[in-house]
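Asker: fold the stuff below for me.
(one chain, ligands or ions: 1)
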Amino acid sequence: MDNAAKMSLNGQEFELPVVVGTENEIGLDISRFRGESGAITLDSGYANTGSCLSSICFIDGEKGILRYRGYPIEQLAQRATFSEVSYLLMNGELPTATENAQFRDGLTYHSMLHEDMKKFFEGFRHTSHPMAILSAMISTMSTYYPEVEEDDIERNIIRLMAKAKTVAAFAYKKSIGHPFVYPKNELSYSANFLHMMFSVPTESYDVDPILEDALNVLLILHADHEQNCSTSTVRMVGSSGANLYASVAAGVSALWGPLHGGANQKVIEMLEQIRDDEGDLQKYVDRAKDKDDPFRLFGFGHRVYKNFDPRATILREQCKKVLDRLGVDDPLLGIAQQLEKIALEDEYFVKRNLYPNVDFYSGIIYRAMGIPTKMFTVMFALGRLPGWIAHWKELREDPKGRINRPRQIYTGYQERDYVPLAER
Ligand code: CMC
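Answerer: Residues are numbered from 1 along each chain as shown. You can find the predicted model right below:
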């Protein structure tokens, strides 16, 4: 392949270096183009813009491939633990037995929140969305664990991973007016979270291994997804030199939106709406197709996957398995399956390659696990944490890293004179 592409503008030709990735992905390096030609490239929603070189995650959207550091998502979901996958994403290699034990210990022993941090929860309204609490509390961690020396970074990474699940569980307890439950050191990451969510002082609670396994898989499936909206946000904020907590708190906010991680909450609300509407599925499919109606089928479509979302394929199976193992009969699963069938046969969805995405089935599993709908996006955030951290680290360690600062094409007024208030 030529190592330069040519672009011509106003009769002048410009050479654009070609960058080829390890999976033969091709990029044209336009970083010098403006300096040479005076023109920028315009790409609404960054749909065709590569913002960095990255060795963390590979996606082939046409073939439905997702790999973390080269390992297929199917293998990791079936055989790994979330803490192993987190280590892999953040450090580049799977941990040895000793590294794994040390890392798990770190995630365990840093799980407690500083007692003073508990007081912040008193100030939140009990109806607060847990994503708001998560973002605020992660930002607040920077006041307790500032990054003063280089060594603090690794410690803060472990603290963030370990404490985020405690914050998430406390946010839930706050919403139902129950006392906070402290973490237990003998439990795994997933089991510890479930213990903090569901233990009550009045009776004993043993974590069901079915729930622990299901949560492990869910967290792994969400752990990274290259330059998605929230990860790009973390990188954007981090590129200014902002600390880990500030950057990740911004990622939480980006994830909250219904077009991104917030879709898992929206899917369940949509399925409940269909159920309450006597199961009239076609009405909702028709609404989603109607360009005058803002309604969309949540849990369908993806910017990158144009064939199928491999995470959704795993989750569809996982969903049936978990519901069977728990003996849960959820009518929403039947509605979801019918909706998927109708949509996949409908020309509108077929033509636009709109398939179920990761958010379509995850909510049904969370429901079966007893996790309330408002907590679904928080679950996504807990899973995505190692990915955000890995990207923040990669950016930080890149000697060629620059502040992220896109350009624009201005479409406002040209220069005009100020008119004093009295004359307007
Ligand atoms: N329902 C109905 N129509 C849709 C949907 C949908 N869920 N998704 C896309 N379309 C249509 C869209 O109207 C457009 O049609 P046309 O070409 O006629 O204008 C076409 O499909 C392309 O859509 P787009 O909005 O240009 O695609 P995008 O890449 O900008 O957006 C998306 C991707 C995921 C935001 C979008 O598919 C969507 O809004 N889906 C519903 C929300 C959702 O499930 N989000 C979770 C994504 S997966 C988890 C994550 O990583 O965030």
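Asker: what about the residue nearest to F193 when sequence neighbours are not counted, neighbour count?
Answerer: Using CB to CB, 6 or more residues apart in numbering and skipping residues adjacent in sequence, the residue nearest F193 is K165, 4.4 Å away. C-beta here means a position set from N, CA and C on the backbone, and glycine is covered the same way. For K165, the neighbour count with other CB atoms under 10 Å is 24.
Asker: distance of K165 relative to F121?
Answerer: Going from K165 to F121 by CB to CB, to the nearest Å gives 15 Å.
Asker: and the residue of the stretch 251-400 of the chain closest to the ligand?
Answerer: Nearest residue of the stretch 251-400 of the chain to the ligand (CB to the nearest ligand atom) works out as G301 at 2.3 Å.
Asker: in contact with that residue, which residues?
Answerer: R352, L354, Y355, N357 (CB atoms under 8 Å, 6 or more residues apart in numbering).
Asker: ramachandran angles for the last one?
Answerer: Reported as degrees, to the nearest 10, the phi and psi values for N357 are phi -110, psi -170.
Asker: could you do M7 as well?
Answerer: phi -130, psi 130.
Asker: check contacts around it.
Answerer: E13, F14, L16, F33, S37.
Asker: which of these count as buried?
Answerer: F14, L16, F33, S37 (16 or more other CB atoms under 10 Å).
Asker: identify the farthest-apart pair in those residues.
Answerer: L16 and S37 (10.3 Å; CB to CB).
Asker: list the buried residues for stretch 19-39?
Answerer: Residues G27, I30, F33, S37 are the ones in stretch 19-39 that count as buried (16+ other CB under 10 Å).
Asker: closest one of those to P331?
Answerer: For the buried residues of stretch 19-39, the nearest to P331 is G27 (46.9 Å; CB to CB).
Asker: before we move on, the earlier item: chain center to the strand or helix carrying the residue nearest to F193, what's the gap?
Answerer: For K165, the enclosing helix or strand under DSSP states H and E is helix 151-176. On the basis of CA atoms, centre = their mean, to the nearest Å, helix 151-176 is displaced by 16 Å from the centre of the chain it belongs to.
Asker: which neighbouring elements make contact with that helix?
Answerer: Taking 3 or more CB pairs under 8 Å, 6 or more residues apart in numbering; DSSP states H and E as contact, the helices and strands that helix 151-176 lies on are helix 97-109, helix 115-123, helix 130-144, helix 189-198, helix 244-256, helix 376-397.
Asker: could you dump the ones you listed to a markdown table with mean neighbour count, distance to G177 and mean pLDDT?
Answerer: As requested, the helices and strands packed on helix 151-176 are exported to a markdown table (neighbours: other CB atoms under 10 Å; distance: least, CB to CB, whole Å; pLDDT from 0 to 100):
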| stretch | mean neighbour count | distance to G177 | mean pLDDT |
| --- | --- | --- | --- |
| helix 97-109 | 15 | 28 | 96 |
| helix 115-123 | 12 | 11 | 95 |
| helix 130-144 | 21 | 14 | 97 |
| helix 189-198 | 23 | 14 | 96 |
| helix 244-256 | 24 | 23 | 98 |
| helix 376-397 | 24 | 18 | 97 |
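Asker: turn these into a markdown table, including distance to the ligand.
Answerer: Formatted as a markdown table, these follow (distance: least, CB to the nearest ligand atom, whole Å):
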| stretch | distance to the ligand |
| --- | --- |
| helix 97-109 | 24 |
| helix 115-123 | 28 |
| helix 130-144 | 14 |
| helix 189-198 | 21 |
| helix 244-256 | 8 |
| helix 376-397 | 8 |
